[in-house]
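Enquirer: Fold the stuff below for me.
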Amino acid sequence: MKTLHNGDKSQPHIKQFQSSHWFVELLFGVMGALVLTLIVAVSINDASANDKNDKNDKNDKSGISDKNDKSGISDAALIQVGTADMSLLWLDIYSAKLFSIDGKYQANRFPMTLDIQYHRDIDAIDLVDATIEQWQHLGFTEANIALYRQQLVNAWPDVKEGDRLTFRVNNPEDAAFLLNDTPYYQVSNAQFPEAFLDIWLSEKTSRPELRNQLIGVN
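Expert: Below is the predicted model:
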């Protein structure tokens with residue numbers, strides 16, 4: 001009878017142990033699942049980061065980078081030919097620099113870059129009108145001026161003091177304007193680059209002294 005009595009008293013302890021054991025297994029199972037989920041998430045993030053890095057490396061190697069690629073303008077290093085300042089009475093208007101492949105000027109030899117930094121605010125319409133006046137001085141026909149004017153209206157922005165407008169010409173079919181080193185307008189007329197540069201570089205320019213300084217003639 002005592003043996004049976006002792007057996008009956010031990011059964012609650014067995015049940016309590018079994019219940020606790022079940023709870024521990026469940027707890028560790030949940031924790032294990034959480035750890036596994038965390039590991040998978042970290043692995044996915046690492047894989048995504050590596051994939052992005054691989055794509056960036058490929059882009060760097062292939063030369064795919066910024067807006068300059070869209071403009072078709074070459075990044076070939078050019079050498080400064082000369083520099084000149086444009087003034088009207090006591091007002092400083094702009095400073096201009098001319099660049100070529102070897103630092104020497106030769107008419108209609110490309111690539112060539114004309115860089116203009118403005119010392120005062122000027123509206124685009126005033127720039128367009130001033131450019132047309134220079135073409136008239138050079139003897140351009142009204143038909144050509146009307147054709148080039150369409151390019152000017154798109155190419156000339158309103159400029160503020162300190163702005164830089166750069167005209168880069170790889171060849172007559174590949175030329176563009178940049179505003180503060182950012183591509184602004186791609187020229188679509190093969191005759192326009194020469195006509196535009198003639199304002200400063202033609203022997204008939206209205207500013208021969210400025211021309212001589214730009215092309216390096218003392």
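Enquirer: show me the contacts for I215.
Expert: Taking CB atoms under 8 Å, 6 or more residues apart in numbering, we find I215 in contact with V81, G82, L98, Y105, L201. Glycine gets a C-beta too; all of them are placed from N, C-alpha and C.
Enquirer: Show me which of the residues you listed is closest to Y184.
Expert: Using CB to CB, L98 comes nearest to Y184 of those, at 19.3 Å.
Enquirer: and the closest one, how far is that from W135?
Expert: Distance of L98 to W135, given as CB to CB, to the nearest Å: 19 Å.
Enquirer: In terms of neighbours, single out the busier of the two.
Expert: A direct count of neighbours by other CB atoms under 10 Å for L98 and W135 places L98 higher, at 24 against 20.
Enquirer: Next, the more buried one: secondary structure please.
Expert: Using DSSP: H, G, I helix; E, B strand; the rest coil, the structure places L98 in strand.
Enquirer: any chance you could map the strands in the chain?
Expert: Applying DSSP state E to the chain gives strands spanning 79-88, 91-100, 112-118, 164-171, 174-179, 182-186.
Enquirer: Turn these into JSON lines, columns for mean pLDDT.
Expert: Below are the strands of the chain laid out as JSON lines (pLDDT from 0 to 100):
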{"stretch": "strand 79-88", "mean pLDDT": "95"}
{"stretch": "strand 91-100", "mean pLDDT": "97"}
{"stretch": "strand 112-118", "mean pLDDT": "98"}
{"stretch": "strand 164-171", "mean pLDDT": "97"}
{"stretch": "strand 174-179", "mean pLDDT": "97"}
{"stretch": "strand 182-186", "mean pLDDT": "96"}
